[in-house]
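1. sequence and predicted structure are below.
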Amino acid sequence: MHIFYSDKTRLRQARTELHDGVLVAPFECPERVDLVLKQLQQAAVGELHEPRAYGLEPVLAVHDAGYVNFLADCWHEWVAAGHEGEAIPNIWPARTMRSDHLPQAISARLGYYALAAETSITEGTFEAAMASKDIALAAVEHTLATGEPSFGLCRPPGHHAAFDQFGGYCFFNNAGIAAQQALRQGKRRVAILDVDFHHGNGTQQLFYARDDVLFISLHGDPEVTFPYYLGYADETGQGKGEGFNVNYPLPPGTSVATWMAALDDALATIARTQCDMLIVSLGVDIFEGDPISAFTFTSDDFVLLGQRLAEAGLPTALLMEGGYAVDDIGVNVVNVLQGIKQ
Ligand code: Q9C
Ligand code: ZN
């Protein structure tokens, strides 16, 4: 199996995350990829490859140009405005305010383009986000060329990033960018299966009115789980996209058996809708030891997940999303990939 990774992902080194009312060291940290790499090498899962630079064009195929410019300039503008700490949004065009006007001040634009306050923008964030989507594009390109599965060790993750919003540790929607590229290269319908503990609100939003990308997500019930305001079962798609968005909100503590039953249902839908490629948003924060999540996967259960994904029988690219139990993140990722290879 080909594995794609870039050291440039390390350029995102945020110091602060607003968590439970306190600024803490971010859960989404560079050590995550260090430990995944270490376990991938130890288990000899596949050869490591550096992605090439694909530029902004594939990003602009799914994201707003104003948003992309904001991400590129935010840190410099924040510093130029004399702010001391990292760029943390603290004001939004909330429901009673105007959202049709984008104010000049960087603090206002930061909130306009943010969907939550936990994710600080820092020096190097944009460059790391660029590397992360390059990893996703290279993985999908390899799978398209060979039919073989590939793994993109993306960081920062992507599935919370929408057309013009960042948050939930995400800036560019890596899976969405890669899916759009696969369509451009001749695929007719791409399935994005999101197994991260959190709902992939960004990916859902990008493709909600389209029938050429089937989005299916299994996740913690948004009634009680981030991102709260999207991810309910009645969100089934819009217009010609009706039926091409499927959500499985599951309660905290959901057993692996129940989760796997939902996965079987999801895989049946993928088979029925004649998808010709599978992109997996691979969050391993469904692990029982994850510090910010509430599902019950053991490390062994991830092998079973990999086996089920392989049974779909489609060209498959797996892209890293969440997973914050750093001591176990490497084994959990390796187990999924070993399961796919079996
Ligand atoms: N401060 C991904 O897994 N808030 N994002 C949770 C902890 C945001 C997770 C509370 C969680 C975002 C890609
Ligand atoms: Zn997550």
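-> Yes, it's here. Numbers count the residues shown, from 1 in each chain. Ligands and ions are numbered 1, 2, ... in the order given.
2. after the helix or strand harbouring residue 107, which helix or strand is next?
-> Taking DSSP states H and E as the definition, residue 107 sits inside helix 106-112. Using DSSP H and E, the helix or strand that follows helix 106-112 in sequence is helix 125-146.
3. and that following helix, what does it pack onto?
-> Packing partners of helix 125-146 (3 or more CB pairs under 8 Å, 6 or more residues apart in numbering; DSSP states H and E): strand 2-4, helix 57-60, helix 65-80, strand 150-152, helix 174-184, strand 277-282, strand 316-320. In short, each C-beta sits where N, CA and C put it, glycine included.
4. just the buried positions in the third one, please.
-> Going back to what we said before, that points to helix 65-80. By 16 or more other CB atoms under 10 Å, the buried positions in helix 65-80 come out as 67, 68, 70, 71, 74, 75, 77, 78.
5. go on, the second one?
-> Neighbour-count burial for helix 57-60 flags 58, 59 (criterion: 16+ other CB under 10 Å).
6. repeat for the fourth one
-> Neighbour counts using 16+ other CB under 10 Å place 150, 151, 152 of strand 150-152 among the buried residues.
7. interface residues of this structure facing ligand 1?
-> Residues of the chain lying close to ligand 1 (CB under 6 Å from any ligand atom) are 19, 118, 157, 159-160, 168-170, 196, 198, 226, 283, 285, 292, 321-322.
8. wait, what's in contact with the closest residue to ligand 1 within the stretch 201-342 of the chain?
-> Residue nearest to ligand 1 within the stretch 201-342 of the chain: residue 322 (2.4 Å; CB to the nearest ligand atom). By CB atoms under 8 Å, 6 or more residues apart in numbering, the contact set of residue 322 is 28, 157, 169, 196, 197, 198, 283, 284, 285, 293.
9. can you check residue 139 too?
-> Residue 139 touches 2, 4, 51, 150, 151, 152, 178, 317, 318, 319, counting by CB under 8 Å, 6+ apart.
10. look at the closest residue to it other than its chain neighbours and report its pLDDT.
-> Nearest residue to residue 139, sequence neighbours excluded (CB to CB, 6 or more residues apart in numbering): residue 152, at 3.5 Å. pLDDT for residue 152: 98.
11. for stretch 245-256, the distance to its chain's centre please.
-> 17 Å (CA atoms, centre = their mean, to the nearest Å).
12. ends of that stretch, how far apart?
-> 23 Å (CA to CA, to the nearest Å).
13. stretch 181-196 too?
-> Start-to-end span of stretch 181-196 (CA to CA) is 22 Å.
14. got it, and stretch 153-167?
-> 19 Å.
15. which parts of it are buried?
-> Judged by neighbour count using 16+ other CB under 10 Å, the buried positions of stretch 153-167 are 153-162, 164-167.
16. which of the residues you listed sit farthest apart?
-> Greatest spacing in the buried residues of stretch 153-167, by CB to CB: 153 and 164 (26.3 Å).
17. also near ligand 2: which of the residues of the chain next to ligand 1, exactly?
-> 196, 198, 283, 285, 322 (CB under 5 Å from the ion).
18. SS state for the fourth one?
-> The reference is to residue 285. Secondary structure, DSSP: H, G, I helix; E, B strand; the rest coil: residue 285 is coil.
19. taking the stretch 151-300 of the chain, what residue is nearest to ligand 2?
-> Nearest to ligand 2 in the stretch 151-300 of the chain, going by CB to the ion, is residue 198, at a distance of 3.6 Å.
20. tell me which element that residue falls in.
-> Of the helices and strands defined by DSSP H and E, none includes residue 198.
21. quick check, it in contact with residue 227.
-> Yes. Using CB atoms under 8 Å, residue 198 is in contact with residue 227, at 6.6 Å.
22. who touches both of these two?
-> Both residue 198 and residue 227 are contacted by 160, 168, under the criterion CB under 8 Å, 6+ apart.
23. next SSE after the helix or strand containing residue 36?
-> Residue 36 is located in helix 31-42, with elements delineated by DSSP H and E. Proceeding N to C from helix 31-42, the next assigned helix or strand is strand 47-49, under DSSP H and E.
24. quick one, grab the pLDDT at residue 342.
-> Predicted confidence (pLDDT) for residue 342: 73.
25. what is the burial count for it?
-> By other CB atoms under 10 Å, 8 other residues sit near residue 342.
26. same question, residue 94
-> A count of neighbours around residue 94, defined by other CB under 10 Å, yields 8.
27. list the contacts for it?
-> Applying CB under 8 Å, 6+ apart to residue 94 gives no contacts.
28. from residue 294, how far off is it?
-> 28 Å (CB to CB, to the nearest Å).
29. now do residue 73
-> Separation of residue 73 from residue 294 (CB to CB): 37 Å.
30. do residue 127 as well
-> Residue 127 sits 33 Å away from residue 294, going by CB to CB.
31. redo the contacts of residue 139 as CSV? Include distance to ligand 2.
-> CSV is the format used below for these (distance: CB to the ion, whole Å):
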residue, distance to ligand 2
2, 24
4, 20
51, 23
150, 21
151, 17
152, 16
178, 18
317, 19
318, 15
319, 13
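32. neighbour-wise, give me the winner out of the contacts of residue 322.
-> If you rank these by neighbour count (other CB under 10 Å), residue 157 sits at the top with 32 neighbours.
33. ok, it - contacts?
-> Counted by CB under 8 Å, 6+ apart, residue 157 has contacts 28, 132, 168, 169, 170, 174, 196, 283, 320, 321, 322.
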